[in-house]
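Participant: Structure for the following, please:
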Amino acid sequence: MRNIYLIILLFLIPACKKGYLDVNQSNPNLTDKPPINGLLAATTYETGKNVFYTGYIASYYVQQLASPNVASGSDIYDDVDRSATWRTLYLAVEDIRQMEALAAEKKAYEHIGVAKVLEAFNISMLIDIFGDVPYSQAWNKTIFKPKYDSARNVYDTCLTLLDAGIAAFNQADPQVKLDAGNDLIHSGNKTAWIATAYALKARLLNRVSKQPDYNPGAVLEALSHAYTSNANDAQMTRFENLSPWDSVAARNASANLDGWLSATFVNALNGTTYGVFDPRLPHITDTTKYGDYRGTVNGAGRVGSGTDTGQCYLSLKGYYSAPGAPLLLLTYAELKFIEAEAYFSTDKAASYQAYLDGIAANMNKMGIPATDRDAYLANPVVAVGVANFTKALLFKEKYVATFLQPETWTDARRFDYQYKDFALPQNALLNTFIRRSGYPSSETSRNSENVPVVGSLADKLWWDK
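Facilitator: The predicted structure follows:
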């Protein structure tokens, strides 16, 4: 593991990058020709961390997490500066494109495939947060103030990238193979990468569920080539130090308060909102000093000292936040809920079965005992039958299964935040739910003539209209 991170540190950013990204490295120890598998380690690692960074933002907006501080910007829809997130997404693509260029020289077709998939992954996260972004000119080192491209056009490009990635994986006789030790997502498994390309394609095709060109048949076609079990999930389990959500839980345990669970999320699982206790809750957090599960109201801040275990937060023993916990990028459980949504209008029975399968897949992934899993699946609140199955139930269960993932915010917007008992945070700066982030100060200060005007953080992105 140490060797992987030495490679990342030495070769992550080549010498003398200039232009819009303005890295301007001059370290003579850096090289313009890093080893291709060093770039594989760097780009898979960066992509995983970007899922964490964007998931951290999203988790407050969907009220899975809540700040322990009253009227925190992350809770109340303040226009928080997202310059760091913007930059890490763009720099990841810079390294991805360097890997792709080197792979083209070496006829390393599998690396080209990974590069295409990773670029689509990072850019799709970018446009789901900000909407229109610099893309066609962003990596041109002679352009310091790139134009903004339509998010819809960039979305279409992401789909094109995925198709190109699949074609590259299927190209015969690659001269360099993926290295298992430096592929931090799929350990060099080309078949797994192809499945992930199709999984991401299904996610993106489902993104446009509000649009007239939404094609559930195309979603189902992509799913037919994607994951077939939890074993296929795109995830990271190797990190330089702590896994990302473990680091959040560890900070909180050392009194640097972080990772507090929202009352909205806790109540959705503890029986308050839906009348059924979800056995996943004890695998996410610990009971309070009162012997129950209590969350923090978004915008209201903590009750008590913050260190007296009077409210719930991510547990150091929890599935998502224990030492060595996996960082999930795309899962079989998520795909089952996408399948349920795609079938909903045409085959209600298939939709309902996919919904149940999605719950079971997530519980199996988390290691929920079979007796608890089966009891939950048999509860009449969950097992409503085909005739009574609703999209509200589908989105509620997907909300739980995609805990801490950026896709949860996308779903909340597509569903218009219609979760039961989901209310505006206290002290909210908007009179409706947040739909986007504002452009970062790094853009408004350096590229202001091209930055689109954002009227409000309640303005809907193109796919949300």
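
Participant: quick one, what contacts G217?
Facilitator: A342 (C-beta atoms under 8 Å, 6 or more residues apart in numbering). Placement of C-beta: from N, CA and C, glycine included.

Participant: Please identify the helix or strand for it.
Facilitator: helix 216-223 (DSSP states H and E).

Participant: Next, the buried residues of that helix.
Facilitator: The neighbour-count criterion (16 or more other C-beta atoms under 10 Å) identifies P216, A218, V219, L220, A222, L223 as the buried residues of helix 216-223.

Participant: where do the strands sit along the stretch 201-350 of the chain?
Facilitator: In the stretch 201-350 of the chain, the segments counted as strands under DSSP state E, counting those that start in this stretch are 234-236, 327-330.

Participant: which stretches of the stretch 251-400 of the chain form helices?
Facilitator: Across the stretch 251-400 of the chain, reading from the start of the chain, the helices by DSSP state H, counting those that start in this stretch fall at 263-269, 332-343, 348-366, 370-378, 391-401.

Participant: Return the helix or strand in the chain with minimum mean pLDDT.
Facilitator: Using mean pLDDT, DSSP states H and E, helix 2-11 stands out as the lowest-scoring helix or strand of the chain, at a mean of 42.

Participant: continuing past that helix, what's the next helix or strand?
Facilitator: Under the assignment DSSP H and E, the closest C-terminal helix or strand after helix 2-11 is helix 36-61.

Participant: now this protein, which segments are flagged as low pLDDT?
Facilitator: Residue ranges of the chain with pLDDT under 70: 1-19, 21-33.

Participant: ok, K420 - how many residues close by?
Facilitator: Residues near K420, counting by other C-beta atoms under 10 Å, number 12.

Participant: how close does it sit to A428?
Facilitator: Relative to A428, K420 is positioned 19 Å away (C-beta to C-beta, to the nearest Å).

Participant: How about S315?
Facilitator: Computed with C-beta to C-beta, the distance linking S315 and A428 is 28 Å.

Participant: Out of those two, name the residue with the larger neighbour count.
Facilitator: In this comparison of S315 against A428, neighbours counted by other C-beta under 10 Å, the higher total goes to S315 at 21 against 18.

Participant: for Y355, what are its contacts?
Facilitator: K336, F337, A340, F389, L393, L394, E397.

Participant: separation between it and A120?
Facilitator: Distance from Y355 to A120, by C-beta to C-beta: 27 Å.

Participant: Can you tell me the number of residues neighbouring the closest residue to W260 other than its chain neighbours?
Facilitator: Of all residues beyond its chain neighbours, the one nearest W260 is Y313 (4.5 Å), with distances taken as C-beta to C-beta, 6 or more residues apart in numbering. Here the neighbour count serves as a burial measure; for Y313 (other C-beta under 10 Å) it reads 28.

Participant: Please apply the same query to the one 5 residues further on.
Facilitator: G318: 22 surrounding residues under other C-beta under 10 Å.

Participant: residue contacts, it?
Facilitator: With contacts defined as C-beta under 8 Å, 6+ apart, G318 is in contact with A249, H283, I284, T285, A325.

Participant: Among those, which one lies nearest to A458?
Facilitator: Proximity of the contacts of G318 to A458 was ranked by C-beta to C-beta; the top entry is I284 with 29.9 Å.

Participant: thinking again about what came up before, dump the C-alpha coordinates for the helix holding G217 into PDB.
Facilitator: Once non-C-alpha atoms are left out, helix 216-223 reads as follows in PDB (Å, rounded to 0.1, in the frame of the first residue of the first chain):
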ATOM      1  CA  PRO A 216     -36.800   3.900 -19.500                       C
ATOM      2  CA  GLY A 217     -36.100   1.200 -22.100                       C
ATOM      3  CA  ALA A 218     -32.600   2.600 -22.600                       C
ATOM      4  CA  VAL A 219     -32.100   2.600 -18.800                       C
ATOM      5  CA  LEU A 220     -33.100  -1.000 -18.600                       C
ATOM      6  CA  GLU A 221     -30.900  -1.900 -21.600                       C
ATOM      7  CA  ALA A 222     -27.900  -0.400 -19.800                       C
ATOM      8  CA  LEU A 223     -28.800  -2.200 -16.600                       C
END
